[in-house]
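Student: All I have is the shape, not the residue letters:
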């Protein structure tokens, strides 16, 4: 029996991935020099497909990291001399904050209660804040922050840069890049690819900030500084030998998604999310964990009365792999991914297996 | 016509890689959670195979990075407060030095002339040096530093840590780990794997140094500090979502190499190197670039009187891909990889194509 992975990342591969891997082997993609024209063409094509799919304007550059965590680290290193501010509502947003602390920044934070969104109305962020960091979709708790809250930040604090992690909501989330300076994610979630590649989308303003820090003789890192990223991106190369295969696969899958159409993907995501939440709203024992207005469409977290182990194991026997809760909520929750890799039919089958 | 990649990395895939990729797809390796027991078993098995193959003692821990450059950066961050010392004889050893400069360390260096080794006899390294960095095999120039010179460093400067990059000589090079504190490489060269994974082998002494710096409130990085690496290695996990597939493939290829036997691999490497160097010693127009005692067995650099482009293109027509010289020596040199992925028969065919 072939399993279906509803885990929140790594997750089910996008259906076309095995085919593309086979072609990559045939075409010697894994043996290509990262200084060859063929590789530059791959970088160029992957970036172009991402631009089209996610509507990324030319004000923003597309860099490749090895993970979302690396994206967070490079962001802090390159844009913060002293003061960052963090929204924390789960393990990954906490990690963003901890990375700033590890890099000896004055990292302040606001925390949201369990399963709740932030109170944006009463919020004040210190005036000297250089970078505001927010995880738009918390994979650990299933909280999705509505984008208009994040856009408001830019209006209210125009001098600060805004960095947004969309690791488990992209490509579903529609982003107005004119209101966000830095966007980061990794590819093993919504893109349905093997883990080992991150994408870091950075605008000119953020790069200028890095250049300013560098001029002041403040360390902004070494081989992966924003100016280095930019220097190599201009020739569609990377400073290091990158995960060539993953950059290739990302380009192919983005192209496949363009064929389906991003609007269609978003519509399907919402249909599947509605199906999942409705099912658990009406379930006798299990309920959605997050209050309605902050519910993620892509990471569905269900409170299961401490029965997660039993559920995960029973579903696994039927060929469905779902995740337990994150960290200390391991027993209390199950987490179900709703990515473009998961078809409506598969979601229906999963829910039938529940009944 | 199927091409053979004699490029110095990425290079020809190890012959078993396509088979292992197919199995990885069948067994859902790319969808596995990095927090699952199955992933821990993979980490454990890959580390065990590497230990056996390279004779790594339990004093040393095996961590995974995304590239050799990341290995260099993490090494500097975690072991140097102020003073590092670098041997520079090509582009990659220069990069190691530049990484230390970027991290605002007092990074001193000794440089070797083109195609020559270092003069170890007249060398003095400052007493306050915390870390000595050496690239044992320079992929850019084809210089291999004999190991006994490096072991001498440990004797002469016992208080400094020694970090050695063996990116293009492993697994050929035999390492006495009791004399080296940190060893780093990536997998797209001697291991014949797709690019996107680095290995960082670190002993307890180097980890203690990182802990000491951390106690003194000196930043040693964020998610990839030595203590964090260690904390996760103890449970055979990684802090970030890693390149799961690459860790799996590395374990499988290391296992295949154990079946062949490391001594056999080393013997074959020397046979093929002798064949290649002999051929060019006796060639009318092209000659080995490096003086005999410092010649790499795995990265053969040939001076070709500015004809590299012509040679590379003619060989390519016959299905053999070799590399031009590195950087400003692009036209002057060709570089031929001699990795375990390259069979004696293939080397013979390459040399016939030359005639």
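Tutor: It's in. Predicted model, so just to flag it, every value in this text is computed and none were measured.
Student: Near chain B, which residues of the stretch 151-300 of chain A? Just list them.
Tutor: Applying Cβ under 8 Å from any Cβ of the partner chain, we find that the stretch 151-300 of chain A lies next to chain B at A:186, A:188, A:193-197, A:217, A:219-225, A:239-246. C-beta: built from backbone N, CA, C; applies to glycine.
Student: So which of those sit within strands?
Tutor: Secondary structure from DSSP state E places residue A:186 of those in strands.
Student: ok, of the residues of the stretch 151-300 of chain A next to chain B, which come out buried?
Tutor: Those of those that meet the buried threshold are A:186, A:188, A:193-197, A:219-225, A:239-246, by 16 or more other Cβ atoms under 10 Å in any protein chain shown.
Student: show me what contacts residue A:103?
Tutor: A:73, A:76-77, A:80, B:219, B:221-222 (Cβ atoms under 8 Å, 6 or more residues apart in numbering or on different chains).
Student: For the closest residue to chain B within the stretch 201-350 of chain A, which non-adjacent residue is spatially closest?
Tutor: The minimum distance from the stretch 201-350 of chain A to chain B, using Cβ to the nearest Cβ, falls at residue A:243 (2.9 Å). Excluding the flanking residues, the one nearest residue A:243 by Cβ to Cβ, 6 or more residues apart in numbering or on different chains is residue B:196, at 2.9 Å.
Student: distance of the one you found from residue A:30?
Tutor: 10 Å (Cβ to Cβ, to the nearest Å).
Student: Please enumerate the shared neighbours of those two.
Tutor: Common contact partners of residue B:196 and residue A:30 (Cβ under 8 Å, 6+ apart): A:244-245.
Student: How are the helices of the stretch 1-150 of chain A distributed by residue range?
Tutor: In the stretch 1-150 of chain A, the segments counted as helices under DSSP state H, counting those that start in this stretch are A:17-26, A:37-54, A:68-79, A:91-102, A:147-156.
Student: show me where pLDDT drops low in chain A?
Tutor: A:114-115 (pLDDT under 70).
Student: distance of residue A:279 from residue A:305?
Tutor: 16 Å.
Student: These two: which is more packed in?
Tutor: Each of residue A:279 and residue A:305 has its neighbours counted (other Cβ atoms under 10 Å in any protein chain shown); residue A:279 has more, 19 against 11.
Student: How about the more buried one, nearest residue that isn't a chain neighbour?
Tutor: residue A:351 (5.2 Å).
Student: How many residues are close by residue A:121?
Tutor: 7.
Student: how about it, phi and psi?
Tutor: Backbone geometry at residue A:121, expressed as degrees, to the nearest 10, gives phi -70, psi -40.
Student: didn't residue A:112 look like it was pressed against residue A:89?
Tutor: Yes: Residue A:112 is in contact with residue A:89 according to Cβ atoms under 8 Å; the separation is 4.0 Å.
Student: Between these two, tell me which one has more neighbours.
Tutor: Taking other Cβ under 10 Å, residue A:112 and residue A:89 do not tie; residue A:89 has more neighbours (25 against 19).
Student: Let me see the contact set for the more buried one.
Tutor: Residue A:89 touches A:111-112, A:116-118, A:135, A:138, A:141, A:143, counting by Cβ under 8 Å, 6+ apart.
Student: before we move on, the earlier item: tell me which of the residues of the stretch 151-300 of chain A next to chain B fall in helices.
Tutor: Among those, the members found in helices (DSSP state H) are A:244-246.
Student: export those to CSV and tack on distance to residue A:317?
Tutor: Shown next, in CSV, are these (distance: Cβ to Cβ, whole Å):
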residue, distance to residue A:317
A:244, 38
A:245, 34
A:246, 32
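Student: Out of those, flag the one nearest to residue A:93.
Tutor: residue A:246 (25.0 Å; Cβ to Cβ).
Student: can you tell me how far the closest residue to residue A:104 other than its chain neighbours sits from residue A:100?
Tutor: Distance criterion Cβ to Cβ, 6+ apart; nearest residue to residue A:104, sequence neighbours excluded, is residue B:219 at 4.6 Å. Between residue B:219 and residue A:100 the computed distance is 11 Å (Cβ to Cβ).
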